[in-house]
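1. Okay, here's the prediction I keep looking at, along with the sequence it came from:
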Amino acid sequence: MHEELRKAVCDANRELKQQNLVIYSWGNVSGIDRSAGIVAIKPSGVAYDDLTPEKIVLLDLDGGIVEGNLKPSSDTPTHLELYKNFQAVGGICHTHSPSATAWAQACREIPCFGTTHADYFYGPVPVTDALTRDEIENDYELNTGRVIVRRFADIDPMQVPAVLVANHGPFTWGRTAAEAVDSTVVLEQTAAMALGTMTINPKQEQIDKALLDKHYLRKHGKNAYYGQDLSNAE
Ligand SMILES: [Zn+2]
């Protein structure tokens, strides 16, 4: 059942290790089949090298297990809350990649200091509010999803496919599980560059809106012109 989705999610999880974004089992990727309402996610505590498509857990959007013998990732309620609220999202990734996590721990958004950032994120990468003691003690993982959704009240999640959960680390997303991992790779690199920028000049300001628009919109806007026109590609 849902073989393609299981394989895509298995490959995306294994890619985290290939890209040096995780150690041990510190990260998880999921994907969703919107038409079937089925979410596929990494099982909890399984090493990436031991991961096979059969071990990927299938759930419905309420967290009920549809197929799989293993326990799903403990972060599953966060993923489900994001799928319920961000309709265009098809894959979600969570890691504790070091540079992005450094910003999350400092509870600071990542300012847009250059075109590398602007090519992927249409503005700063936001940081959430810290969870309250009550939110930590009850339904912690669900509340982590809620605090992210709240932060995106005025942001289009497809224009800024990443967030820093305060005191914790990044969640990223995309149209597929593979794209969610791409977002984490880019976020980690962007976070490291921003850290370097602030080390050189703590007073550095964000790039001009015109440069942000130029770089983001030439790749992602309705008049995007970067890359190949796939409709004409052989
Ligand atoms: Zn975490």
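-> Received it, and whenever you're ready, just let me know what you need. Since the model is a prediction, treat every value here as computed from it, not as a measurement.

2. counting contacts, what elements does the longest helix along the chain pack onto?
-> Secondary structure assigned by DSSP state H gives helix 177-200 as the longest helix of the chain. When contacts are defined as 3 or more Cβ pairs under 8 Å, 6 or more residues apart in numbering; DSSP states H and E, helix 177-200 sits against helix 3-18, strand 27-33, strand 91-95, helix 98-105, helix 115-118, strand 162-165, strand 169-174. From N, CA and C alone the C-beta is placed, and that goes for glycine too.

3. how about a cut-off of 7 Å?
-> The contact analysis (3 or more Cβ pairs under 7 Å, 6 or more residues apart in numbering; DSSP states H and E) places helix 177-200 against helix 3-18, strand 27-33, strand 91-95, helix 98-105, helix 115-118, strand 169-174.

4. quick one: strands adjacent to the third one?
-> In its sheet, strand 91-95 lies beside strand 27-33 (antiparallel), strand 169-174 (antiparallel), with partners assigned from DSSP bridges.

5. which residues sit in contact with the residue nearest the centre of the chain?
-> Here the mean C-alpha position of the chain is nearest to the C-alpha of residue 172 (Cα atoms, centre = their mean), at a distance of 1.0 Å. With contact taken as Cβ atoms under 7 Å, 6 or more residues apart in numbering, residue 172 is in contact with 93, 161, 162, 180, 183, 184, 187.

6. let's see 10 Å
-> The contact partners of residue 172, taken as Cβ atoms under 10 Å, 6 or more residues apart in numbering, are 29, 91-95, 97, 100, 125, 160-163, 179-188.

7. residues of the longest helix of the chain that come out buried?
-> Buried residues in helix 177-200, defined by neighbour count with 16 or more other Cβ atoms under 10 Å: 177-195, 198.

8. Run the chain-centre distance for it.
-> Its chain's C-alpha centre and that of helix 177-200 lie 11 Å apart, by Cα atoms, centre = their mean, to the nearest Å.

9. average pLDDT across it?
-> Rounded to a whole number, the mean pLDDT of helix 177-200 is 98.

10. List the buried residues for the helix or strand just after that helix?
-> The first helix or strand that comes after helix 177-200 along the chain, using DSSP states H and E, is helix 209-220. Residues of helix 209-220 classed as buried by neighbour count (16+ other Cβ under 10 Å): 212, 215, 216, 217.

11. So what's the residue count around residue 86?
-> Other residues within reach of residue 86 by the criterion other Cβ atoms under 10 Å amount to 18.

12. Oh, that last question was meant for residue 7, not what I typed.
-> Applying other Cβ under 10 Å, we find 17 residues neighbouring residue 7.

13. That one and residue 177, how far apart?
-> 10 Å (Cβ to Cβ, to the nearest Å).
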